[in-house]
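Q: Predicted model follows, preceded by the sequence.
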Amino acid sequence: MKPIFMVLMFVSAGLAGCLSSEESTSSQVEAIFDFDPDKNIRTDMEIQFDGGASLPANGGLTYKWDFDSDGAYDETGRTTTWSYSNAGTYDVKLTVSDGTDSSSQSRTLRVIDADAQEPLADAGSYSPNSDCDGDSVNSGQYYIVYICEMDKSTSSKSVLATTSVTLDASDSEACEDDDEPCDDYISEYSWDLDLNRDEDGDGDSENDADMSGETVEWKELEPGEYKIALTVTNGAGLSAKDQVIVYINYVGRWTEFSIGGNTSNNPVDIDFSFPVTQNLDSGNTIKRAAGELVYPKEDSDCTDVVPGDGNNCRAKIDLYGFNSTDEQAANTSATPVEQRSYGECDEDTDCVWLQFTGSYHFAESQWKDGEWTMTVRNEMVNDLEIESLTIRLLYK
């Protein structure tokens, strides 16, 4: 009988251990609550409190609320409401219990006088007088900046330039109503430069303080479209928000270079790379990218090397566009030489344009965004002169 008794003891001990583990897991208690509104709370305003995120979420908890830090419970229940008749800062405490264990969470809220004015946030705007070509630029409630590299060397065939933008919130006001007296001030300017990330974890992805100050310089911006937000807070503790878009356009031009001839039945290419962004989630979406090629119809030193078989001195150079995985998206080879007069083209030159649109060419269903290549291609046997190649990246 003794061996049997020992086996029963081991089995019983094993079962007891399993039951103890399950009870420990199920008895974990944590108080978690939210309240709404969570900012700009005024005296006598009804505030909704919700402890439904507390753990465990099996409905077996009791909820007790202390709204004035006096140690006494003012309300019970998973959800409740409360208001404060006096302005000030208050600590709210929720205690939950499953009958055995309990947990508490405290959060601080600020209550403002009912007649206090909210501030007026103004994120500002900027437009230059002219673009990279000297043409006038329309202004609006946005920032638009041009990166102009109008004399690039062929030793660098990539678009790498960045720029800075000065963000100016100086038109913001401490009180939004100009008709009412205001002795308040703006105590804080916060710039959120990425509206898709909630860096401070407060549930609002548009109020992070990526930069602070009435006027700030945002550096190292690549060509793109950037949606940002300004939050201003006045001395009363009330806040207001304003969104604005920053557009960075780019124009780069390479001038007076040549391309070798096709002497081995292989076309000669010169590749120029440029970045493109088409992100519908963030709103960073390019409108148009274009290559503009200008070259003489006939080089001054050209010799007709195939007499009687047409004039091989009539130049024809083309543009090809490739996406980040080297898939060809478009080219100009089908454009006849007599139709190469895009833009302000004089009679002695050909002007060839290759354009891509954000909504089609750079869409996820087509060739996508990323690092693209604009290729200048010569399939003729002659070395040819090129007057200019211009790449435009237009987000506005």
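A: Right, received. Where do you want to start? Numbers count the residues shown, from 1 in each chain.

Q: who does residue 224 bridge with?
A: residue 248 (DSSP bridges).

Q: ok, now which ones touch it?
A: Neighbour list for residue 224: 247-248, 277, 284, 286, 395 [criterion: C-beta atoms under 8 Å, 6 or more residues apart in numbering]. All C-beta spots, glycine's among them, are computed from the backbone N, C-alpha and C.

Q: Serialize those residues to CSV and add fields for pLDDT, neighbour count and distance to residue 44.
A: Shown next, in CSV, are the contacts of residue 224 (pLDDT from 0 to 100; neighbours: other C-beta atoms under 10 Å; distance: C-beta to C-beta, whole Å):
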residue, pLDDT, neighbour count, distance to residue 44
247, 98, 20, 44
248, 98, 22, 47
277, 98, 19, 48
284, 97, 19, 44
286, 98, 25, 50
395, 98, 22, 47
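
Q: Tell me the one of those nearest residue 217?
A: The nearest member of the contacts of residue 224 to residue 217, counting by C-beta to C-beta, is residue 248 at 14.2 Å.

Q: Hmm, that closest one is touching residue 163, no?
A: Yes: counting by C-beta atoms under 8 Å, residue 163 is a contact partner of residue 248 at 6.3 Å.

Q: shared neighbours, those two?
A: Joint contacts of residue 248 and residue 163 (C-beta under 8 Å, 6+ apart) are 145, 147, 221.

Q: Between the residues you listed, which sits nearest residue 343?
A: residue 147 (20.9 Å).

Q: quick one, what contacts the closest one?
A: Each residue near residue 147 by C-beta under 8 Å, 6+ apart is listed here: 161-163, 223, 248-251.

Q: Likewise for residue 360?
A: residue 366.

Q: Which element, helix or strand, includes it?
A: Taking DSSP states H and E as the definition, residue 360 sits outside all helices and strands.

Q: What of residue 269?
A: Here residue 269 is assigned to strand 268-276, by DSSP H and E.

Q: Against which helices or strands is that strand packed?
A: Here strand 268-276 touches strand 239-259, strand 288-296, strand 370-378, strand 384-394, going by 3 or more C-beta pairs under 8 Å, 6 or more residues apart in numbering; DSSP states H and E.

Q: Following it in sequence, what is the next regular element?
A: strand 278-279.

Q: Just the residues contacting the following helix or strand past that following strand, thanks.
A: Per DSSP H and E, the first helix or strand lying C-terminal to strand 278-279 is strand 284-285. The contact list for strand 284-285 (C-beta under 8 Å, 6+ apart) reads 224-227, 277-279, 358-359, 395.

Q: which of these sit farthest apart?
A: 226 and 359 (18.8 Å).

Q: Looking at those two, which has the bigger crowd around it?
A: residue 226 (22 against 13; other C-beta atoms under 10 Å).

Q: what number of residues lie near residue 108?
A: Applying other C-beta under 10 Å, we find 8 other residues in the vicinity of residue 108.

Q: Who are the packing partners of whatever helix or strand it lives in?
A: Using DSSP H and E, residue 108 sits in strand 102-112. Judged by 3+ C-beta pairs under 8 Å, 6+ apart, strand 102-112 is in contact with strand 41-42, strand 88-97.

Q: Partner strands of the helix or strand following the shortest one, with direction?
A: Following strand 41-42 in sequence order, the next helix or strand is strand 47-50 (DSSP H and E). In the sheet containing strand 47-50, the strands it pairs with under DSSP bridges are strand 34-36 (antiparallel), strand 79-82 (antiparallel).

Q: Just send those back as JSON lines, with mean pLDDT and distance to residue 365 too.
A: JSON lines is the format used below for the strands paired with strand 47-50 (pLDDT from 0 to 100; distance: least, C-beta to C-beta, whole Å):
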{"stretch": "strand 34-36", "mean pLDDT": "96", "distance to residue 365": "39"}
{"stretch": "strand 79-82", "mean pLDDT": "98", "distance to residue 365": "45"}
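
Q: in the sheet, who's paired with residue 165?
A: residue 218.

Q: for residue 353, that is, sorry about that
A: residue 292.

Q: ok, it touching residue 288?
A: No: assessed by C-beta under 8 Å, residue 353 is found out of contact with residue 288, at 11.0 Å.

Q: tell me the domain boundaries of this structure?
A: 28-112, 143-247, 260-394 (automatic domain parsing).

Q: Could you list the low-pLDDT ranges of the stretch 1-150 of the chain?
A: Within the stretch 1-150 of the chain, the segments meeting pLDDT under 70 span 1-27.

Q: quick one on the thing from earlier: just want the angle from the strand holding residue 269 to strand 370-378.
A: Inter-element angle recorded for strand 268-276 and strand 370-378: 160 degrees (by axes from the mean of the first three to the mean of the last three C-alpha atoms, to 10 degrees).
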